[in-house]
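*Asks:* Quick one, what's the 3D model for this:
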Amino acid sequence: MKRNSSIAANPVLIGAATTLVVIVAVFLAYNANNGLPFVPTYSLKVNVPSAAQLVRGNEVRVGGSRVGVVSEIVPVRQENGRITAQLSLKLDTTVKPLPDDSSVLVRPRSALGLKYVEITKGTSDNGYEDGATLPLRAATPEPVEFDELLETFDEETRKASRVNLREFGNLLAGRGLDINRAIEAFDPLLRNLTPVMTNLGDPQTRLVAFVQALEQTAREVAPVAEEQAELLGNLNTTFGAIDRVRADYQQSIENAPSALDAAIQSFPAQRPFLANSEALFRELAPGVRALRTAAPDLADAFELGTGSLRRSVAFNRRLEPTFEALQEFAEDELVELGVRDLTNLATILKPTISKLAPVQTTCNYVTLWFRNVASLLSEGDENGTSQRFIIVAAPEGKNNEGGPSNAPANGPETDNYLHTNPYPNTASPGQEQECEAANETYIDGQTVIGNVPGNQGTQHDETTIERGGTQPLPSGEPQ
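*Replies:* Next up is the predicted model:
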C-alpha cells in the first residue's frame, strides 16, 4: 500500500507552519511603528527647541502624508547652555534627499496631547545626505503649546474680561432707543465722511508722514506720560480755583498796571534786601533739608505741645515751692561739702569702674552670674535651705588637686595637670580684647597657671530679660 506524502496529511508540519506565520505577523506588527524590516530607509537627525509629549514611534509627515517615524529622542546642550532635543528620524526613501532649506515643526495631533513631526520641504537644489543633522534654525516657527495658550487667560485677565463684559452690558442696557437714533444719524455722517476721507487719502495731504510724526511725538512723550498727566490734573485744579474767584481775579488784573508801576519804583530799592535774603536762605538750606525728615515729628510735637503748654502755667505755679527748696538746698554749705565728696568718690571709683565695665558690657559676665545663680538647686526644711551640689573627684597622681601637695599637679597622666586662671582677661584697659573665662582652651599634658596663650575672642552666652516678652541681649560682638 502506497503512503500519502502530502504536507496536508502531516499535522506536525501544519502546526509548525501556522506557528511560524503567527510569529512573523506578531513581529511585523510589533515593529510596524519603527518601519518594516528589510525595507531601506532615509535617516536624518533634527534639532528642535522642545520635544515635550513627543515619544518614540510618533509619525513624521510631509504635506499630511506619513513618510516615517521618530526612532529616538535625546537631550542636547547648546553652546549657550540651553537644553534642546535631538530627534532621530527614519524616513521613506521617497523624500530623499530632503532640501536643505526645509523646516521642521512639532505639532499636536489631537487635544489629548499626541504629537507628530511635520516637515515642510524647501525648494533648494541641495539636499541632506543620509545621516545628516538639521540645525536648530530649521525648527521654525517655534510652536505654541496648548497649555501656553491657556496661560494667557490668567486670573487677572479673566477678572478684567468679567469687568469689561459687565461694564459694556451696563453701557448698552436700557439704551436701545439711543442706539437706534445713532444708527439713523450714521447715514448723513457717512455720506459727508466720504469726501473727507477722499481728501485725507490723497497723497498731497501727506497723512502718512503726519501719522509717523505723531508716532515719533508719542514715543518721545511716553517716558514723561505720568508727569504730564499729573500736570494736567494740577492745571485743572488751578483753573477750577481761579474760576471760583474769577471776580477777584478780574479785579487783580485791572489793578495790575498800577501795581507794576509801584514795583518799578520799589524793586531797585529792594535789591540789597533780596541779596541779603538770598544769602540767608542759602545758609538755611542745610537746616531746611534736615526738616524734611524731622517735619512729621515736629508737627506731632507742636500738636501735643499746645495742650501741654496750656497746662504748664498751673504746673509752673506748683513748682515754685520746689524751686525755692532747691535754691535753699543749693545755698547750704553742707551740700557743697557733699558734692565735693561725691566728686572725690567718682574720681576714686573711675579706675575700678573702667576695669569692671567691660566685664558686663563686653563679656556679659554679671548678667550670666545672676542667671546661673537663679538656676541653682536647693532644698529646705524648718531650719533653712541648703544648696545641692555634686563633688567632682580630682584625678589621681602625683601632686593632684585632691589633697595637700608640695608643687602644682604635673602628671604623669595627661589629665593630672593643674589648670587655673584666677584673673582671666575681661577686655579691661591694659588687657587683651577677649572674654577669657569659660572660653579658654584646655591644653593636655601641660601645667597652665594664669592666662592661656592666644586670644579667645569676645564670644559669650546670651541672657534674656522679660519686657513684654523674651528679648535677647547683645552677644558675640564687642560692645
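
*Asks:* Return the set of buried residues in the longest strand along the chain.
*Replies:* Secondary structure assigned by DSSP state E gives strand 65-77 as the longest strand of the chain. The neighbour-count check on strand 65-77 (16 or more other Cβ atoms under 10 Å) flags 67-71 as buried. Quick note: C-beta positions are derived from backbone N, CA and C, even for glycine.

*Asks:* again with stretch 423-441
*Replies:* Buried residues in stretch 423-441 (16+ other Cβ under 10 Å): 424-428, 432, 434-437, 439-440.

*Asks:* Quick one: end-to-end length of it, please.
*Replies:* Using Cα to Cα, to the nearest Å, the end-to-end distance of stretch 423-441 comes to 15 Å.

*Asks:* And stretch 412-420, by the same measure?
*Replies:* 18 Å.

*Asks:* gap between it and the chain center?
*Replies:* 56 Å (Cα atoms, centre = their mean, to the nearest Å).

*Asks:* Can you name the two of the buried residues of stretch 423-441 that sit furthest apart?
*Replies:* Farthest apart among these by Cβ to Cβ are Ser428 and Glu440. That separation is 16.3 Å.

*Asks:* coming back round to it: in its sheet, which strands sit next to the longest strand of the chain, and in what direction?
*Replies:* strand 59-62 (antiparallel), strand 83-91 (antiparallel) (DSSP bridges).

*Asks:* out of these, which comes closest to Glu254?
*Replies:* It's strand 83-91; of the strands paired with strand 65-77, that one is closest to Glu254 (Cβ to Cβ) at 79.8 Å.

*Asks:* next one: the closest one to chain centre, how far?
*Replies:* Put simply, strand 83-91 sits 39 Å off its chain's centre (Cα atoms, centre = their mean).

*Asks:* can you pull out the helices in the stretch 201-350 of the chain?
*Replies:* 207-221, 225-244, 246-331, 333-361 (DSSP state H, counting those that start in this stretch).

*Asks:* hang on, Glu396 in a helix?
*Replies:* No: read with DSSP: H, G, I helix; E, B strand; the rest coil, Glu396 is coil and lies in no helix.

*Asks:* Return the residues in contact with Glu401.
*Replies:* Counting by Cβ atoms under 8 Å, 6 or more residues apart in numbering, Glu401 touches 394-395, 409, 418.

*Asks:* What separation is there between it and Ile443?
*Replies:* 16 Å (Cβ to Cβ, to the nearest Å).

*Asks:* Pop the domain breakdown of this structure in here.
*Replies:* 23-143, 155-204, 332-376+390-479 (automatic domain parsing).

*Asks:* So what's the gap between the first one and the chain middle?
*Replies:* Offset of domain 23-143 from its chain centre (Cα atoms, centre = their mean): 42 Å.

*Asks:* give the contact list for the closest residue to Gly450 other than its chain neighbours.
*Replies:* Residue nearest to Gly450 in three dimensions, not counting chain neighbours: Asn421, with 6.0 Å by Cβ to Cβ, 6 or more residues apart in numbering. Taking Cβ under 8 Å, 6+ apart, we find Asn421 in contact with 436-437, 440, 448-452.

*Asks:* Which two of these have the greatest separation?
*Replies:* Ala437 and Ile449 (15.1 Å).

*Asks:* for the residue nearest to Gly450, phi and psi?
*Replies:* phi -140, psi 80 (degrees, to the nearest 10).

*Asks:* just Arg388 next, same as before
*Replies:* phi -90, psi 130.

*Asks:* okay, now it: neighbour count?
*Replies:* 9 (other Cβ atoms under 10 Å).

*Asks:* Please produce JSON lines containing the strands paired with strand 65-77, extended by mean pLDDT and distance to Arg271.
*Replies:* JSON lines is the format used below for these (pLDDT from 0 to 100; distance: least, Cβ to Cβ, whole Å):
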{"stretch": "strand 59-62", "mean pLDDT": "86", "distance to Arg271": "90"}
{"stretch": "strand 83-91", "mean pLDDT": "86", "distance to Arg271": "76"}
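
*Asks:* mind putting these in TSV, mean neighbour count and distance to Thr19 included?
*Replies:* Formatted as TSV, the strands paired with strand 65-77 follow (neighbours: other Cβ atoms under 10 Å; distance: least, Cβ to Cβ, whole Å):
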stretch	mean neighbour count	distance to Thr19
strand 59-62	19	32
strand 83-91	18	30
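
*Asks:* got CSV for these, with distance to Leu150 too?
*Replies:* CSV is the format used below for those (distance: least, Cβ to Cβ, whole Å):
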stretch, distance to Leu150
strand 59-62, 25
strand 83-91, 23
